[in-house]
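A.B. asks: Here's a sequence, model it:
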Amino acid sequence: MHDVSRSARRSSILALVAIAAAHTAIAEPVATINGADIDSTVFDAYLQSRTQKQLAEITPEERDFLLRELSDIYLLSTTPRAKELEAMDDLKVSLELQYRGVIAQAVAADFFESNPASEDEIFEEYSNVIAGEAGEQFKARHILVETQAKAVELIEALQSGADFATLAQENSTGPTGPNGGDLGWFAPNAMVPPFSAAVQALEDGQFSQEPVQTQFGWHVILREDTRPNEPPTLDSVRDAIKQQLEARKFQAYLEGLREAQAAE
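C.D. replies: Numbering: from 1, shown residues only. All right, here's what the predicted structure looks like:
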């Protein structure tokens, strides 16, 4: 359990950069390495980053091991060679990018925390979703074939009393063929426009009298039933709506910063 991947180490180091940037209070040192104190807030952040646990859940053995691990990081980063490398341009660039990335993430996280979507905003967005999904759902079957002539032949067979599901099982090249062409229930916008328009033009129990062409081939369609479209409940989509609203707020905030920067 003591193996550390490169990405895990990088995440841990980035967490330390964030803590060091934000840390202003005096904390109790837990160790001193080459004159550099490891204070308790930095150590606690490292513990949580490496274990993904609350501090109270971390065992003494884990604390001891991770203190040695963090001490090694401090030990390597305080060597004379580290000071030489720190002055090199490529490392300066890398450190600057990591620092800016961590600070930017912290600002973004602070914005999201300070600007949550309100219940009124969530309900208004939900109402718009309902309005957008108003209408009907259809239950249908189809037979997909490669040529118009084959589709016409199947329509003639249906007109003579052939069973739609049987013809679909015997002739359809689509994935629903073995199930008699059953598409189940769907909203019109779930299908490509020519197919959707053809379904909506039929009555329940009717099959298409002309082949319907889409990019997938030629279809013969049977509309079996219709029902009102049932939108999702508010509870089932609340989290998704909340995330969308907050993402829009952040995007607007970012656009404002860009415009202010461009105006300077």
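A.B. asks: where along the stretch 51-200 of the chain do the strands fall?
C.D. replies: 136-145, 182-186 (DSSP state E, counting those that start in this stretch).
A.B. asks: need the contact list for the nearest residue to Glu62 once chain neighbours are set aside.
C.D. replies: Distances taken as C-beta to C-beta, 6 or more residues apart in numbering place Thr51 nearest to Glu62, at 6.1 Å, with adjacent residues excluded. The way it works is simple: take the backbone N, C-alpha and C, and place the C-beta from them, glycine included. By C-beta atoms under 8 Å, 6 or more residues apart in numbering, the contact set of Thr51 is 57-58, 62, 66.
A.B. asks: any idea how far Thr51 lies from Asp225?
C.D. replies: From Thr51 across to Asp225, the span is 55 Å (C-beta to C-beta, to the nearest Å).
A.B. asks: Low-confidence bits of the protein, can you list those?
C.D. replies: Within the chain, the stretches with pLDDT under 70 are 1-27, 131-134.
A.B. asks: Regarding it, what is its longest strand?
C.D. replies: strand 217-228 (DSSP state E).
A.B. asks: Which SSE is immediately downstream of that one?
C.D. replies: helix 234-263 (DSSP states H and E).
A.B. asks: same for that following helix, what does it pack against?
C.D. replies: Packing partners of helix 234-263 (3 or more C-beta pairs under 8 Å, 6 or more residues apart in numbering; DSSP states H and E): helix 89-114, helix 119-132.
A.B. asks: Give me whichever of those is most buried.
C.D. replies: Stretch with highest mean neighbour count among the helices and strands packed on helix 234-263: helix 119-132 (a mean of 13; mean count of other C-beta atoms under 10 Å).
A.B. asks: helices or strands up against that one?
C.D. replies: For helix 119-132, the elements it packs on are helix 234-263, judged by 3+ C-beta pairs under 8 Å, 6+ apart.
A.B. asks: quick one, the helix it packs on and helix 89-114 angle?
C.D. replies: 130 degrees (axes from the mean of the first three to the mean of the last three C-alpha atoms, to 10 degrees).
A.B. asks: got the contact list for the nearest residue to Thr147 once chain neighbours are set aside?
C.D. replies: Using C-beta to C-beta, 6+ apart and skipping the chain neighbours, the partner closest in space to Thr147 is Trp218 (6.4 Å). Trp218 makes contacts with 144-148, 150-151, 211-212, as judged by C-beta under 8 Å, 6+ apart.
A.B. asks: Out of those, which comes closest to Asn189?
C.D. replies: Among those, Val212 lies closest to Asn189 (C-beta to C-beta), at 16.8 Å.
A.B. asks: on that earlier part again, CSV for the helices and strands packed on helix 234-263, including distance to Ala82?
C.D. replies: CSV is the format used below for the helices and strands packed on helix 234-263 (distance: least, C-beta to C-beta, whole Å):
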stretch, distance to Ala82
helix 89-114, 10
helix 119-132, 50
